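Peer 1: Quick one, structure for this:
(3 chains)
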Amino acid sequence: MTSEIFPHGVQQALDLVGIFVFALSGGLLAVRKNMDIFGICVLAEATALGGGVLRDLVIGATPVAAFANLGYFVTPLVAGLVVFFLHPEVERINLAVQTLDAAGLGLFCVTGTIKAHDYGLGSVSSVACGMLTAAGGGVIRDLLAMEPPSLLRWDREIYAVPALVGSAVVAVLIATDHLDPLNASLAALSAFVIRLLALRYGWRAPRAWHRNGSRTSEE
Amino acid sequence: MTSEIFPHGVQQALDLVGIFVFALSGGLLAVRKNMDIFGICVLAEATALGGGVLRDLVIGATPVAAFANLGYFVTPLVAGLVVFFLHPEVERINLAVQTLDAAGLGLFCVTGTIKAHDYGLGSVSSVACGMLTAAGGGVIRDLLAMEPPSLLRWDREIYAVPALVGSAVVAVLIATDHLDPLNASLAALSAFVIRLLALRYGWRAPRAWHRNGSRTSEE
Amino acid sequence: MTSEIFPHGVQQALDLVGIFVFALSGGLLAVRKNMDIFGICVLAEATALGGGVLRDLVIGATPVAAFANLGYFVTPLVAGLVVFFLHPEVERINLAVQTLDAAGLGLFCVTGTIKAHDYGLGSVSSVACGMLTAAGGGVIRDLLAMEPPSLLRWDREIYAVPALVGSAVVAVLIATDHLDPLNASLAALSAFVIRLLALRYGWRAPRAWHRNGSRTSEE
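Peer 2: Reported below is the predicted structural model:
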């Protein structure tokens, strides 16, 4: 029972890159919120591992992978230290960070969906778990920093849709017995590309139409 | 091992009604917070399923029911879409929504208590799980929307007390071996009626007395 | 498989003292936030049991201990009632509360680390679980009260470091096969003393250096 779609070493390396970049986004928010070195590391850990922890709790894969794998745990600490010492430089390469974050999004929605299916969940629930894996850490990050969750804000580029597409493609691949490393990579790539396009062209999702002309406050 | 107190079809139908109404309350808050269509659906899901997910995690019933049952997952999405397209109409029938929400409260505190007992928890802990099932989703809803949890606010009508009564009645029924569909329905009904009375007559719970005359701010 | 380092009765008594004091801190925050009697009890429960619940969920120890042990559950309710009726007196003995809270911190980081190791986690992950046990409840308390988590604030005395030291000492004791009641007590004592010193001398952790002279807002 494995959620690995690539040879073990490749999968591990990809996971760690994704975790590292997610952790950077948590650390940077902690710096902006004026937290100390421990706050930076806690937010880096929570952002990087939160989505996978939620997925593992929901499907009953305990002890959760994030606590059973030393590399998963140490990587966010390294990212936290990088942010602590080099945050102006990290902010400056924001485009690279956002691009890698989109890659992490693509990777984690795919592996999350596969792992949920391995644990016996149906197609739709597996897709939900894939989205939870990819987006859950960011929600925990924002809550800990007392920010309105970026995922839920209408004025941010869509994040849930790329995860939905990547997860749904994987679910279809599993259902039609076409899941292999190449196809899984294409699913991750589709989520990655959609997220990059959303960032590039400012794609946002529609809000409910306030028909009385009394729009709610533009928070 | 089942937390079903009614024939399977009846229980399923009641569950879905309760989930639908809880999801409406999440979706409406998302609209008020100016979230987009995805934020509305996420908040609908979290509100409707959050309490049951917390209960299942605590008692170790994994994969959690909300992810193992397609209907549980799809219903909040439908509610989210209803809110997205029809939220002024949904707001207008607020009294009906609040009444159905009270019915969901009654149902879920009963089924939550029974399920916790089925998983080996003692009476007091089962009551706590019943309350968690009924009220947990609303707390998650408020946290995601960055609102002070309605459950904890002194200026809202009591919500925990009806859940406590319904859960406690069930625990007594189980302990005295009198649990049957009729009695379970009466327990749910008691929670439902108390909640409706609280809404009707503005019942609130007492706050701690600030004896120095220096009341804390009326937030 | 046990996380008890002392004879059962002693361990139980220590646990309940720690839970009681953690619950006081939750109840006091609820009073400051003007919550009603139920809000006070909910915050007391969440603060006292939250860290242990998170640990048990992560390591897969379900049903979680907090819901399987009546004493664990009832103690925070008692603390909540004490705060409700006597909060000015409790506030007045704040020094004693903070001292006992530091003792709870020491105790829970030690027992949390041992329990995580009992469930098969490695040294580093066990240390993380120990810190989660000691500090998790406070984070949940602050989130429910819509306060920036005290743990993450640069302007609060360090809380994570004492927990880290206590947990790390235990991990070393386990790895070198030197864990016994005396050594475990010394580990708890080290965390306790460091926390007291931090409170006494206002020890804080460094923040990231904003090199451009443009400090972020001093929130």
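Peer 1: And the residue in chain A positioned nearest to chain B, what's its pLDDT?
Peer 2: Nearest to chain B in chain A, going by Cβ to the nearest Cβ, is residue A:60, at a distance of 2.6 Å. Using the backbone N, CA and C atoms, a C-beta is placed for each residue, glycine as well. As predicted, residue A:60 sits at a pLDDT of 91.
Peer 1: Which one of the residues in chain A is closest to chain C?
Peer 2: residue A:62 (2.6 Å).
Peer 1: give me the low-pLDDT residue ranges for chain A?
Peer 2: A:1-5, A:210-219 (pLDDT under 70).
Peer 1: what's the residue most central in space within it in contact with, if anything?
Peer 2: The centroid of chain A falls nearest to residue A:134 when counting by Cα atoms, centre = their mean (3.0 Å). By Cβ atoms under 8 Å, 6 or more residues apart in numbering or on different chains, residue A:134 lies in contact with A:51, A:104-105, A:108-109, A:112, A:163, A:166-167, A:191.
Peer 1: among those, which are in helices?
Peer 2: In this view, those that belong to helices under DSSP state H are A:51, A:104-105, A:108-109, A:112, A:163, A:166-167, A:191.
Peer 1: Next, the contact list for the residue nearest to the residue of chain A closest to chain B when sequence neighbours are not counted, please.
Peer 2: Of all residues not flanking residue A:60 in the chain, residue B:62 sits nearest, at 2.6 Å (Cβ to Cβ, 6 or more residues apart in numbering or on different chains). Shown in contact with residue B:62 (Cβ under 8 Å, 6+ apart): A:57-60, B:56.
Peer 1: How about the secondary structure of residue B:62?
Peer 2: coil (DSSP: H, G, I helix; E, B strand; the rest coil).
Peer 1: That one and residue C:32: what is the separation?
Peer 2: As defined by Cβ to Cβ, to the nearest Å, residue B:62 lies at a distance of 37 Å from residue C:32.
Peer 1: Check whether whichever strand or helix holds residue A:10 comes near chain C.
Peer 2: In this assignment (DSSP states H and E), residue A:10 forms part of helix A:8-32. Yes: Helix A:8-32 comes into contact with chain C (Cβ under 8 Å from any Cβ of the partner chain), by way of A:30-32.
Peer 1: can you pull the buried residues of that helix?
Peer 2: Of all the residues in helix A:8-32, those buried under the rule 16 or more other Cβ atoms under 10 Å in any protein chain shown are A:11, A:14-16, A:18-31.
Peer 1: Report all helices and strands that that helix contacts.
Peer 2: Contacts defined by 3 or more Cβ pairs under 8 Å, 6 or more residues apart in numbering or on different chains; DSSP states H and E place helix A:8-32 against helix A:37-59, helix A:70-92, helix A:94-118, helix A:123-144.
Peer 1: Let's see that with 10 Å instead.
Peer 2: Contacts defined by 3 or more Cβ pairs under 10 Å, 6 or more residues apart in numbering or on different chains; DSSP states H and E place helix A:8-32 against helix A:37-59, helix A:70-92, helix A:94-118, helix A:123-144, helix A:181-201.
Peer 1: gap between the residue nearest to the centre of chain A and residue A:22?
Peer 2: 9 Å.
Peer 1: Likewise for residue A:184?
Peer 2: To residue A:22, residue A:184 is 20 Å away according to Cβ to Cβ.
Peer 1: same deal with residue A:170?
Peer 2: Distance of residue A:170 to residue A:22, computed by Cβ to Cβ: 19 Å.
Peer 1: Residue A:137 now?
Peer 2: From residue A:137 to residue A:22 the distance is 6 Å (Cβ to Cβ).
Peer 1: about what we covered before: phi, psi of the residue nearest to residue A:60?
Peer 2: Per-residue torsions, residue B:62: phi -120, psi 150 (degrees, to the nearest 10).
Peer 1: Just list the residues touching residue A:49, thanks.
Peer 2: A:19, A:22-23, A:26, A:56, A:64-67, A:69, A:72-73, A:75-76, A:136-137, A:140, C:128 (Cβ atoms under 10 Å, 6 or more residues apart in numbering or on different chains).
Peer 1: could you redo the last one with a cut-off of 7 Å?
Peer 2: Neighbour list for residue A:49: A:66, A:72, A:76, A:137 [criterion: Cβ atoms under 7 Å, 6 or more residues apart in numbering or on different chains].
Peer 1: can you tell me if the helix or strand encompassing the first one touches chain B.
Peer 2: Looking back up the chat, that one is residue A:66. Counting by DSSP H and E, the element that carries residue A:66 is helix A:65-68. No: contact of helix A:65-68 with chain B (Cβ under 7 Å from any Cβ of the partner chain) is absent, the minimum separation being 14.5 Å.
Peer 1: elements contacting that helix?
Peer 2: Applying 3 or more Cβ pairs under 7 Å, 6 or more residues apart in numbering or on different chains; DSSP states H and E, we find helix A:65-68 packed against helix A:37-59, helix A:70-92, helix C:123-144.
Peer 1: Switch those over to a markdown table; also include distance to residue A:146.
Peer 2: Converted to a markdown table, those look like this (distance: least, Cβ to Cβ, whole Å):
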| stretch | distance to residue A:146 |
| --- | --- |
| helix A:37-59 | 11 |
| helix A:70-92 | 19 |
| helix C:123-144 | 8 |
